[in-house]
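1. Provide a 3D model corresponding to the input given below.
(one chain, ligands or ions: 1)
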Amino acid sequence: MKRAIGILAIIAVGAPIMYVVYQTAFTSNPTNGKERKVINDGDDDDTDQPGQFGVDRLKEGKDVKPVAFDGKRAMKYLEAICDLGPRISGSAAMRKQQQLIKKHFEDLGAKVEFQSFKAKQRSQRGEVDMTNIIVSFHPDSKRRVILCAHYDTRPIADREPDPRDWREPFLSANDGGSGVALLMELGNHMKDLKTSVGVDFVIFDGEEYIYNPGDPKVKNDPNQDIYFIGSKHFAQTWKKSKDHCVYSAAILLDMIAGARLNFPLEGYSWDRNPELCRQVWTIAQEQGCKAFAPGVKYHVKDDHTELHKVGIPAIDIIDFDYPHWHRLTDTPENCSAESMEQVAKVLSVWLQRTK
Ligand SMILES: [Zn+2]
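-> Here you go, the predicted model:
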């Protein structure tokens, strides 16, 4: 088994994310890459456990057809979201986005719940209003799966080389907009989709409400802002609730509209839930969705790790090589309908086959 480790690239400026291990060879068990944590998820130690996702959770069904997902319409949703401007947690544009999402899914007959709470970021004086949005299809089903994405945008475009550009209005189309746009278009097809599980679209706030990304040279920089505020709140609330539903799996979508069509396996997803990864990437292969590349390319801490901490098997579909990440050029022009179509194709088959 090859385990050649190539370049260790540390992301110097924060991200939904942490650090990257590039592997020069794809491996079938790529779990022992070196890791360096430069992201603050608010926990002193890593409480993650190996995943519980069972091999029996996928029905046979190579003949299952994907929905007729309309990538062009998804791009229109993405543009409408970006027309609101930056959607920073607690901002007026964020509230407008919440209403846009609520109306869209209620018009489709889904149940929409706002999970609102207040949070305090380290670098900020006061508390900020946060709202996760939970859109439920077949709300009475006890056994459920999650498709999720964050919908807040980072207050600073801190991968712009000139810090004077960091505070310019930052649309963050792919990073924060694309997942919501995909779910909005997929929502148009949910009524006709035959599933044996209930489906929740969970849209997280506070994934990267980051004003102070921390000093990468300082280990556990105490001033570094905390990521994943919304997903942590959702996960902990679910865990504490006495009569909560069973979530058999969750798939996170982050930066899924890049024009390069690039989804290698994300390392934490593979390490903790290899069977779920295998199922999703196998469906991609069967459906001819070539954006889903085999092999782990990087480890990315993201909202899925918060779900995993409470025992929900969760994986991340992410294009972490997106060249406009945290830059002012992350605009709809640099996003692609085809990329979203491939992801939606895979998800819609998976939803029909998972049990
Ligand atoms: Zn981001």
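2. list the contacts for the residue of the chain found nearest the ion?
-> Nearest to the ion in the chain, going by C-beta to the ion, is D175, at a distance of 4.0 Å. No exception for glycine: its C-beta is placed from N, CA and C like everyone else's. Going by C-beta atoms under 8 Å, 6 or more residues apart in numbering, D175 touches 16, 153-154, 254-255, 322, 325-326, 330.
3. same thing with P332?
-> Contacts of P332 by C-beta under 8 Å, 6+ apart are 75, 78-79, 82, 171, 173, 177.
4. pull the most distant pair out of these.
-> Across those, the longest distance by C-beta to C-beta is 13.9 Å; it joins M75 and L171.
5. show me the helices in this protein, by range?
-> For the chain, applying DSSP state H gives helices covering 71-83, 92-107, 178-187, 229-240, 267-272, 274-286, 303-309, 337-353.
6. packing partners for the first one?
-> Counting by 3 or more C-beta pairs under 8 Å, 6 or more residues apart in numbering; DSSP states H and E, the packing neighbours recorded for helix 71-83 are helix 92-107, helix 178-187, helix 337-353.
7. can you list the buried residues in the longest one?
-> Judged by neighbour count using 16 or more other C-beta atoms under 10 Å, the buried positions of helix 337-353 are 337, 339-353.
8. now do the first one
-> By 16+ other C-beta under 10 Å, the buried positions in helix 92-107 come out as 93-94, 97-98, 100-102, 104-105.
9. who in the stretch 51-200 of the chain is up against the ion?
-> Proximity of the stretch 51-200 of the chain to the ion, by C-beta under 5 Å from the ion, involves residues D175.
10. tell me which parts of the stretch 201-350 of the chain are close to the ion?
-> So the stretch 201-350 of the chain meets the ion at E208 (C-beta under 5 Å from the ion).
11. okay, the helices and strands packed on helix 71-83 in CSV with mean pLDDT and distance to Y247 next?
-> Below are these laid out as CSV (pLDDT from 0 to 100; distance: least, C-beta to C-beta, whole Å):
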stretch, mean pLDDT, distance to Y247
helix 92-107, 98, 19
helix 178-187, 98, 17
helix 337-353, 97, 14
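12. export the ones you listed to a markdown table and append columns for distance to D302.
-> Shown next, in a markdown table, are the helices and strands packed on helix 71-83 (distance: least, C-beta to C-beta, whole Å):
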| stretch | distance to D302 |
| --- | --- |
| helix 92-107 | 20 |
| helix 178-187 | 11 |
| helix 337-353 | 15 |
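13. can you say which of these is nearest to S269?
-> S269 lies closest, by C-beta to C-beta, to one member of the helices and strands packed on helix 71-83: helix 337-353, at 13.9 Å.
14. packing partners for that closest one?
-> Using 3+ C-beta pairs under 8 Å, 6+ apart, helix 337-353 sits against helix 71-83, strand 143-150, helix 178-187, strand 246-254, helix 274-286.
15. 7 Å instead, please
-> Contacts defined by 3 or more C-beta pairs under 7 Å, 6 or more residues apart in numbering; DSSP states H and E place helix 337-353 against helix 71-83, helix 178-187, helix 274-286.
16. got the CA positions of that helix in PDB?
-> Extracted in PDB, the C-alpha atoms of helix 337-353 (Å, rounded to 0.1, in the frame of the first residue of the first chain):
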ATOM      1  CA  ALA A 337     -23.800  25.000 -13.100                       C
ATOM      2  CA  GLU A 338     -22.100  21.800 -14.200                       C
ATOM      3  CA  SER A 339     -20.300  21.400 -10.900                       C
ATOM      4  CA  MET A 340     -23.600  21.700  -9.000                       C
ATOM      5  CA  GLU A 341     -25.300  19.300 -11.400                       C
ATOM      6  CA  GLN A 342     -22.800  16.600 -10.700                       C
ATOM      7  CA  VAL A 343     -23.100  16.900  -7.000                       C
ATOM      8  CA  ALA A 344     -26.900  17.000  -7.100                       C
ATOM      9  CA  LYS A 345     -27.000  14.000  -9.400                       C
ATOM     10  CA  VAL A 346     -25.000  11.900  -6.900                       C
ATOM     11  CA  LEU A 347     -27.000  13.200  -3.900                       C
ATOM     12  CA  SER A 348     -30.300  12.500  -5.500                       C
ATOM     13  CA  VAL A 349     -29.400   8.900  -6.300                       C
ATOM     14  CA  TRP A 350     -27.900   8.500  -2.800                       C
ATOM     15  CA  LEU A 351     -31.100   9.800  -1.200                       C
ATOM     16  CA  GLN A 352     -33.100   7.200  -3.000                       C
ATOM     17  CA  ARG A 353     -30.800   4.300  -2.100                       C
END
